[in-house]
Every structure is written in C-alpha cells, then in structure tokens.
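Visitor: Provided below for reference: sequence and predicted model.
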Number of protein chains: 2
Amino acid sequence: MRVVGAPIGAFGDQCRRRRLQKPPPFVYDYRSDSAPPIHRGMDVQNEPIIARLKAFPMFSDLSAEDLASLAGMLTLRQFPKGSFVISQNDKGSVMYLLVAGRVKVSLASPEGKELALNYLEAPSHFGEMSLVDAEPRSADVIAVSDVEVLCLDARDLSAAIQVQPKLALTLIATLSRRVRSLIGRLEDMAFHDATHRVMRVLLNVATASYEARGVPVVEGLTHYEVATLAGTSRETASRVISQLAKEGVVGTKGRRVIVDLFALRDRIERD
Amino acid sequence: MRVVGAPIGAFGDQCRRRRLQKPPPFVYDYRSDSAPPIHRGMDVQNEPIIARLKAFPMFSDLSAEDLASLAGMLTLRQFPKGSFVISQNDKGSVMYLLVAGRVKVSLASPEGKELALNYLEAPSHFGEMSLVDAEPRSADVIAVSDVEVLCLDARDLSAAIQVQPKLALTLIATLSRRVRSLIGRLEDMAFHDATHRVMRVLLNVATASYEARGVPVVEGLTHYEVATLAGTSRETASRVISQLAKEGVVGTKGRRVIVDLFALRDRIERD
DNA sequence: GTCACACGGTGACCTGAGTCACGCGCGCCG
DNA sequence: CGGCGCGCGTGACTCAGGTCACCGTGTGAC
C-alpha cells in the first residue's frame, strides 16, 4: 500500500489558494491501476463480493449460481479518501460498481478550475462508458470518503450481460439519465445566470437530503464545492447564499444551510 | 452565457427581428403525432422500409427474415423541412431511425434563446432515451431539410433487441458518445470564453466537411447558427469570424468560410 | 429591374460576474 | 492557550461579451 496517511481533507476541500499548484504526487499516484485488490473474484472466498452485489437492485433477483458466476468476474478494491479512482484522459476499460462510500465526478481545466458533474453514493456505478467505446476517461472520479468498488473488466462485459441481460438495459437507463442531467446542466449554463445556478444546486442538494434524511439541509459541502457544482466562483456562490439568507429563503446555522424548499423553488421559478 | 434566440428551422433562416414572436402555427403543428405514416410496417409492402434499414451498419448483417420481422415493427414517416420531429417536454416513447435528410437537436429557453446540441444526418438515430425511462423529451429535434424516419415504438424495443442484440450495444455506444460530447460542451462553457468556443465550432464543422467531402469548409450555416452551436450571440460569432479572417486563419469566400485546419487548431491550442 | 428580406459587419454601451484583497471566526494541534 | 489554516463575507475593480442600433449587401421572387 503506497498511500499511508490518507490525504488531508481530501481534495474536496482543496483550497482555492492551492488550486494552481500541482498537488502532492504521492496521493495522485494512487490510481486504479495500482490499487491492490482486496478480493479477487476467482478466489474461493468471494462471499464478500456476493454480499455486496446483492445491494444492487439489478442483481437482487439473480440465483445463487448466477451471483457466484458474476462475482467470479469482479474484483473488490478500496480507495482511501482523496484518491483518484479514475483520472480524466486515462485509458482504462474497467467499470466500477460503487459498493461503499462517496465519490465525486468532476472536470478540471488546465488552469486549475474545477467543474463538478455529480456526487455518487453506493449503490451506483460509473466508468461504464469506456466499456463500449475505447475512448479515454472523460472525467475525474475522486473518492470523497473511503470507498469500496467492484471492478468489471470490459472483456467480461458480454459475459456479464449474458448472466444478467437486465444489465444492458440498466446501462442504457443510467446513460440516459446522465444525458438528461448533462443537458440540464448545459441549459443552465447557457440560459441562466450564476445566481440562478447556485440556487438550483442548493435546491437539488437540499431536496436529496430531504428525501434521504427528512431534513432539507445543505451540509458537508463548502461554498467552494457548491461553486464547482454551479459552474461559478466561490465568491459568487457565497454572495448568493448570503443574499438568500437575507431574504429568508434559507437559514444558515453555523456551517450548514437549511433550505425552505418551497420558498426556494418559487424564488427560482419567478426567474 | 446568452444565446440569442429564436426559433427556428424552416425558419432556420428566421430573422433576428422576429425572434420573440410566435412562429406561424401551421408549421409547428406538424408533429410526430400528426405525421401521416407513409408505410406502416405491417403492410405487405414493406420493401421500402427494408431497403432503408440496410443503410444502417448495425442491421447490415441481418438475414432477410430478420430484416422483414424488424421492418414489421417500424413505420416510415416523412417530415417537411422546418417541422418538429420531437418537441422538448413532450411525452413520447418512440425512437427514430433517420434514413434521409438532416435534423438539428436543440434547446430553446423560454426567453426565446436557442442552444444547438447537434446536427444529425442519415443514417443515425435519436429519441432513444424515452425508450428506457419514461421521461419527457429532453430537447427539440427539428427537420432542417425534408426528412424520412423509421419509428420504433418502445413496446417493440425488446423484440427488436431480440432480433438484433447488437442494437443494445449500439444504443449504449451512441449514448456514451453523446455523454462525452455533452461533457465536452459543458467543459467549453465552463472553462473557455466565447471566442474559443466559436473557433471550436468552426474547427469541428470544417473537419467534418473535410472528412466527408475533402474541403475544410463551413457552409450552409449562418452566423446565427454557429452562435447557437457555440452558446454565444450572433454578433460575437460574427466578430470572431472576422477576426480570424483578419489573422488569415480562415478565408471567407462569399458566405462560406474556408478553414485552415492546422492554423485554426493551433490558434485554439495556444489558448 | 426592383423590392424585400435575410444575413453579415461594426460601433457604443452597460452589466454580470470573475478576480483580487483583505479581514474575521472557528476549530484543531502543538 | 495561542497560533495557524481553512472556510466564509464583502468591497472594489475590471472586462468579456450580451445587447441595441444601424447600415450595407447578396439574393430570390415576381
């Protein structure tokens, strides 16, 4: 294991002052290629894999044998918080099933700016695009917590689809959802101003939080991260949030933002 | 970013002065719903469909029987230049195989701005996303020339995949490509200025033209359309093109732009 | 021909928001 | 407990580029 002390607050919190510096290489070296497999699929011991597979709805109806044969194609890997699971432009034809932890998918510009596409939590999957075309990775995927993934190599894809044909449809559905969400982002960038976009990010995050935990709250995201999600600068995100607080649309309690979902929704609506 | 906007297609040439007016309804009413089928698949007479199917690489290796059974699921329709094949937010679970003509995929904002996502020509397909999720259409698809399409209903999708399993992989591959291209667009919008984006559009169009016809030329696109592709205003697109002409990176012969691919490429490179 | 659009070019203006700079408070660690 | 690093808040400046306004020109209809 090459990486010892897991990288500071990840780079999630990578500070704006650091943005232009090269990040410490010893962390960035921790790539999928070098990540040690925790369990190889061929192991006699692949119960851990099977157990984790069952968490995926698309595999929940498989027989024990099918699960086992699927597990035979998968490798379990762990990534520490802050490490790159995938780097943009890398070659690589492995798809990942995220079984534990949280990752962010984001783009980095040469000038050191960052645009976050998404935050994913288990169970979900990513990296499937390189399975079908041979193109290099189109974005970075960075662990924002310690993470466990199951890796499926492109060579095994058709075998996997044989075992569970639903997999193909699931992939299509995921990609569709992704296309829709990207179109939405693009629409936002093209048609709406920064204020609008920040509000939308807040609304989305708070709504998700509400659905998951019953509290319409934005927490665990710095203003910088909100900004990367909205495609704007930290300062602008900050100003928008202050303004919304002043208007009473959100409340700020320490470093968390409590959102009045309805108020925010129609604050967005009326342009 | 602002995209100056306006409708559309037949009215691709629509003038900026008209931008905010409602377009003449008799054209816009021409929707997929109302488009008369030219040949229903069930017809005894489905040779025309079969003939057109063969143009698609993914079906070229099918047996005569398979082609016939596939044709049985398809309906041939025509759309006149300027009509909407798909409208954003419509429900609809039909996928289209474009067999003749040219369509543009674009987004319209309520304020009448427009962002073009893509121009497609036969053979290609669109509208497949609604096959798998039940979401409404995420963009407009507008015929920019007279167009022929084959329609496949969602109900027949799995049957079609049965006939040609490759279809599933083709769909995945198409969606992947689309995701990549959308990510590229988003990157452009987030990281690059309007000048850069316009240059990229010119490069792409000219490169495609070069590959198809051996001439690195941009024609058949108004400055307004270039602007919608770049996510900027007509005026800005216009100014960029003038500037590039002044620099000798492109030549303008009447209303066509001849691009020096190499010069433009490294003009873009050196930021 | 000529009339009328549609398209393209360009100047002037103005605002959204990126950027810089700095100060503040909190939480962590020696 | 004192410092220091990190995240947040805000003012000031700047400028890319959207918008408005207007004109010239090519082109297609009749």
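Guide: Sure thing, it's come through.
Visitor: From now on I want contacts and neighbour counts done on CA atoms only, so please keep to that.
Guide: Fine.
Visitor: SS state for A:Gly251?
Guide: Put simply, A:Gly251 is strand when judged by DSSP: H, G, I helix; E, B strand; the rest coil.
Visitor: is it true that it touches A:Val257?
Guide: Yes: with contacts counted by Cα atoms under 8 Å, A:Gly251 reaches A:Val257, the gap being 5.8 Å.
Visitor: How much space separates A:Leu62 from A:Thr75?
Guide: Between A:Leu62 and A:Thr75 the distance is 19 Å, computed by Cα to Cα, to the nearest Å.
Visitor: Neighbour count: those two, which is higher?
Guide: Applying other Cα atoms under 10 Å in any protein chain shown to A:Leu62 and A:Thr75 shows that A:Thr75 carries more neighbours, namely 22 against 15.
Visitor: wait, is that one part of a strand?
Guide: Yes: judged by three-state DSSP, A:Thr75 forms part of a strand.
Visitor: Which residues does it form beta bridges with?
Guide: Counting by DSSP bridges, A:Thr75 is bridged to A:Cys151.
Visitor: wait, isn't it in contact with A:Glu148?
Guide: No: applying Cα under 8 Å as the test, A:Thr75 and A:Glu148 come out as separate, 10.4 Å apart.
Visitor: can you pull out the strands in chain A?
Guide: Using DSSP state E, the strands of chain A run over A:37-39, A:74-79, A:84-86, A:94-100, A:102-108, A:114-121, A:124-126, A:140-143, A:147-153, A:217-218, A:250-253, A:256-259.
Visitor: what mean pLDDT would you report for stretch A:110-130?
Guide: The average pLDDT within stretch A:110-130 is 91.
Visitor: Just the CA coordinates for it, please, in CSV.
Guide: Backbone C-alpha positions of stretch A:110-130 (Å, rounded to 0.1, in the frame of the first residue of the first chain) are rendered in CSV as follows:
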residue,chain,number,x,y,z
PRO,A,110,-5.6,23.1,-17.2
GLU,A,111,-5.8,26.5,-15.4
GLY,A,112,-6.9,24.7,-12.3
LYS,A,113,-10.6,25.4,-12.3
GLU,A,114,-12.9,22.7,-11.4
LEU,A,115,-16.4,21.8,-12.5
ALA,A,116,-18.2,19.1,-10.5
LEU,A,117,-20.6,16.9,-12.5
ASN,A,118,-22.0,14.8,-9.8
TYR,A,119,-21.6,13.2,-6.4
LEU,A,120,-22.4,9.5,-6.3
GLU,A,121,-23.0,7.2,-3.4
ALA,A,122,-23.4,3.4,-3.2
PRO,A,123,-25.1,1.6,-4.8
SER,A,124,-24.3,3.1,-8.1
HIS,A,125,-21.8,2.6,-10.9
PHE,A,126,-19.5,4.7,-13.1
GLY,A,127,-16.8,4.3,-15.7
GLU,A,128,-19.1,2.2,-17.9
MET,A,129,-18.6,4.3,-21.0
SER,A,130,-15.1,3.0,-21.6
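Visitor: So is it next to chain B?
Guide: Yes: shown here: stretch A:110-130 in contact with chain B (Cα under 8 Å from any Cα of the partner chain) through A:Lys113, A:Leu115, A:Met129.
Visitor: Turn those residues into JSON lines, including neighbour count and distance to A:Gly92.
Guide: As requested, the residues of stretch A:110-130 next to chain B are exported to JSON lines (neighbours: other Cα atoms under 10 Å in any protein chain shown; distance: Cα to Cα, whole Å):
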{"residue": "A:Lys113", "neighbour count": "17", "distance to A:Gly92": "24"}
{"residue": "A:Leu115", "neighbour count": "23", "distance to A:Gly92": "22"}
{"residue": "A:Met129", "neighbour count": "25", "distance to A:Gly92": "10"}
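Visitor: out of those residues, who's nearest A:Phe262?
Guide: Proximity to A:Phe262 was ranked across those by Cα to Cα; first place goes to A:Leu115, at 27.2 Å.
Visitor: contacting residues for that closest one?
Guide: A:Leu115 makes contact with A:Ser106, A:Leu107, A:Ala108, A:Thr228, A:Leu229, A:Ala230, A:Gly231, B:Glu187, B:Ala190, according to Cα atoms under 8 Å, 6 or more residues apart in numbering or on different chains.
Visitor: what's the most distant pair in these?
Guide: Farthest pair in those (Cα to Cα) is A:Ala108 and A:Ala230. Separation: 14.1 Å.
Visitor: Of the two, give the one with the bigger neighbour count.
Guide: Each of A:Ala108 and A:Ala230 has its neighbours counted (other Cα under 10 Å); A:Ala230 has more, 29 against 16.
Visitor: OK, contacts around that one?
Guide: A:Leu115, A:Ala194, A:Arg197, A:Val198, A:Arg200, A:Val201.
Visitor: taking the residues you listed one by one, which sit in helices?
Guide: If you go by DSSP state H, the contacts of A:Ala230 have A:Ala194, A:Arg197, A:Val198, A:Arg200, A:Val201 in helices.
Visitor: could you dump those to CSV with distance to B:Ile183, pLDDT and neighbour count?
Guide: Formatted as CSV, these follow (distance: Cα to Cα, whole Å; pLDDT from 0 to 100; neighbours: other Cα atoms under 10 Å in any protein chain shown):
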residue, distance to B:Ile183, pLDDT, neighbour count
A:Ala194, 19, 97, 20
A:Arg197, 17, 97, 24
A:Val198, 19, 97, 24
A:Arg200, 19, 97, 18
A:Val201, 18, 97, 19
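Visitor: quick check, nearest of those to A:Leu97?
Guide: Ranked by distance to A:Leu97 (Cα to Cα), these are led by A:Val201 at 25.6 Å.
Visitor: Which pLDDT does the model give the residue lying closest to that closest one once chain neighbours are set aside?
Guide: Nearest-residue entry for A:Val201: A:Ala230, 6.2 Å, with adjacent residues in sequence omitted and distances by Cα to Cα, 6 or more residues apart in numbering or on different chains. pLDDT for A:Ala230: 97.
Visitor: mind checking how far A:Ala230 is from A:Met199?
Guide: 9 Å.
Visitor: give me the number of residues near A:Gly220?
Guide: 10.
Visitor: swap in A:Thr236?
Guide: Number of residues near A:Thr236 (other Cα under 10 Å) recorded here: 17.
Visitor: ok, it touching A:Arg197?
Guide: No: A:Thr236 lies out of contact with A:Arg197 (Cα under 8 Å); the separation is 10.6 Å.
Visitor: so which of the contacts of A:Leu115 comes closest to B:Asp90?
Guide: Nearest to B:Asp90 among the contacts of A:Leu115 is A:Ala230, at 27.0 Å by Cα to Cα.
Visitor: of all of chain A, which residue lies closest to chain B?
Guide: Residue nearest to chain B within chain A (Cα to the nearest Cα): A:Ala190, separated by 4.9 Å.
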